[in-house]
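*Asks:* got a predicted structure here, sequence first:
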Amino acid sequence: MVDSKMSVDKLTSTAAGKNYRRIRISINHEALSHNLSKVREYAPKSQVMAVIKANAYGHGMLPVANTLDTADLFAVAIPAEAYALRENGCTKPVLVLHGFRNAEELQRFSELDLAAVVHQPLQLNLLAQSHLKKPINAWLKVDTGMHRLGITVAEVDEYFGQLRNSSNIAGVFVMSHFANSDEVDNELNNKQLSGFVNVTNDIDVSCSMANSAAIMCLPKSHFEVVRPGIMLYGSSPFLDVSASELGLQPVMQFESSLLDIKTIKAGESIGYGSTYQCQSDTRIGIVSAGYGDGYPRHASNKTQVWINGRTCSLLGRVSMDSLCIDLTDVEAATGDRVVLWGRELSVDEVARKSGTIAYELLCHAGSIAGL
Ligand SMILES: *Cc1c(COP(=O)(O)O)cnc(C)c1O
C-alpha cells in the first residue's frame, strides 16, 4: 500500500495551522511499529488483525494503516472506513466489524473484497437474496457474554451451516469478544473462553477472540487471529499495569506551550467556579490547551502536565482553550513546551485521573486535531 497521498512525515503531522490551535499532535510511527512487534511477541503463533477503527483511535487511519503494513489483516467498525482504505490503495484483507446492513453494502463488499462480521439474521437474508460476482469472507460473531453484537451459542451450527453453503461466501471464520479482559481475574473471562471453545471445538474453522488485554494476559484465547487495538497505540488496557511495564511505547504526543506566568495572592481563587483557592502566594502558568483541544474537562484539579522535566498539577477547572498549572519551584518561561500526554507523561495516567480511559482521550484529541 504505497501511495504518496498517504505517506506522512515519520514524526509530525501537525494540525495547528489548519485548526487555529496552539496544540501540537504528533504521531510516532516508529512506536507504532514497535508496538506491533510486541503483539507478535505476545502472540507468536497467531495472525494479527490490527484494529484501526475510529480513525485508528484518533491517530489517523490512513497513515497508521500505511505504517502497520506488516499486520496480516485490518479491522474497522463501519463500511465507510473500509471503503476509504481501498480508495487509498490498501489491498490487505479488511474486516468490517459491524458488517453490511443492506444489499448495496453487500455488493460493495464484494466489489472491494471486504470481509464482513455476520451477527444478525438480516444478513443471512441479504446473502440468500443476493448474487455476488465475487464471494466474500464472513466472520461469524458469537456472543459469549458481552451481550453487544453476536448470535447466541445455540445458533452457531445453524448460521455456520448456512454460511458454508452460501455461494456468496468464500471463507467462514468464527469470532467472539471479551467484556472484561482488562480485569485479569474477572471470572467472566474464563466463562466466555470456555463457551467459545465448546462451540468451536467440533468445527474446523479459524477463530479469533483476543483484544489487547487478552493478548497480554489470556494466551489461551489467542487462537488463529488476534485483534489488537489500544496496545498498538501504546496504552495499557489494565488499570494497575503501565504501558511501559508491558513493553509498549506511546504513539500520540500531545503538546502545547506556556502562554503566561503570574503569581496569585493567598486567598484568591483560580478559574471558572473558583474551585481552587490559593493557600499561599502561588506562581501559576497558563497553558494554551483546553477541552476545546480534547483535553478532558473532568481532569480539573487532579491531573498533571509535564514541563521542563517536571510534572505540575492542574489548578482549577480546565477552560475551553486554556488551563492553569502550579509552577511553584518550577523553572519555566513563557513559550516553553508543555506535554499534556505522550512520552514524558502517560495518557493512561491522565485518563485515570479524569475518570475515563485512554481510548476516549486519544479518539477525541485526534479527531479535534483533524488527524
Ligand atoms: C475495538 C475492538 C477490538 C480492539 O480492542 P482493544 O481493547 O482496543 O484491543 C477488538 N475486537 C473488537 C470486536 C473490537 O470492537
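*Replies:* On my side now, so go ahead.

*Asks:* what about the helices in the stretch 1-150 of the chain?
*Replies:* Assigned by DSSP state H, counting those that start in this stretch, the stretch 1-150 of the chain shows helices spanning 16-19, 29-42, 53-57, 61-67, 79-87, 103-112, 121-129.

*Asks:* how about these in a markdown table, adding mean pLDDT?
*Replies:* Formatted as a markdown table, those follow (pLDDT from 0 to 100):
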| stretch | mean pLDDT |
| --- | --- |
| helix 16-19 | 46 |
| helix 29-42 | 98 |
| helix 53-57 | 98 |
| helix 61-67 | 98 |
| helix 79-87 | 98 |
| helix 103-112 | 98 |
| helix 121-129 | 97 |
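
*Asks:* to residue 233, which of these lies closest?
*Replies:* Judged by Cβ to Cβ, the one of these that comes nearest to residue 233 is helix 53-57, at 5.1 Å. C-betas here are computed from N, CA, C, even on glycine.

*Asks:* on that earlier part again, take the helices of the stretch 1-150 of the chain and write them to CSV, including mean neighbour count and distance to residue 136.
*Replies:* Shown next, in CSV, are these (neighbours: other Cβ atoms under 10 Å; distance: least, Cβ to Cβ, whole Å):
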stretch, mean neighbour count, distance to residue 136
helix 16-19, 11, 37
helix 29-42, 18, 26
helix 53-57, 23, 19
helix 61-67, 23, 20
helix 79-87, 18, 11
helix 103-112, 18, 5
helix 121-129, 15, 9
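
*Asks:* nearest to the ligand, of the ones you listed?
*Replies:* Proximity to the ligand (Cβ to the nearest ligand atom) singles out helix 53-57 among the helices of the stretch 1-150 of the chain, at 5.9 Å.

*Asks:* now that closest one, how far from the chain's geometric center?
*Replies:* 6 Å (Cα atoms, centre = their mean, to the nearest Å).

*Asks:* related to what we said a few turns ago, ok, which of the helices of the stretch 1-150 of the chain comes nearest residue 271?
*Replies:* Across the helices of the stretch 1-150 of the chain, the minimum distance to residue 271, taken as Cβ to Cβ, is reached by helix 16-19, at 23.7 Å.

*Asks:* can you pull the residues of the stretch 201-350 of the chain lying near the ligand?
*Replies:* Proximity of the stretch 201-350 of the chain to the ligand, by Cβ under 6 Å from any ligand atom, involves residues 211, 212, 227, 228, 229, 230, 237.

*Asks:* which of the residues you listed are buried? Put it as a PyMOL command.
*Replies:* Applied in PyMOL, the following selects the buried portion of those according to 16 or more other Cβ atoms under 10 Å:
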select buried, resi 211+212+227+228+229+230+237
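
*Asks:* got the domain ranges for this protein?
*Replies:* Each domain of the chain is listed here as a residue range: 43-236, 252-369, per automatic domain parsing.

*Asks:* of those domains, which is nearest residue 26?
*Replies:* Distance to residue 26, taken as Cβ to Cβ, is lowest for domain 252-369 among the domains of the chain, at 4.7 Å.
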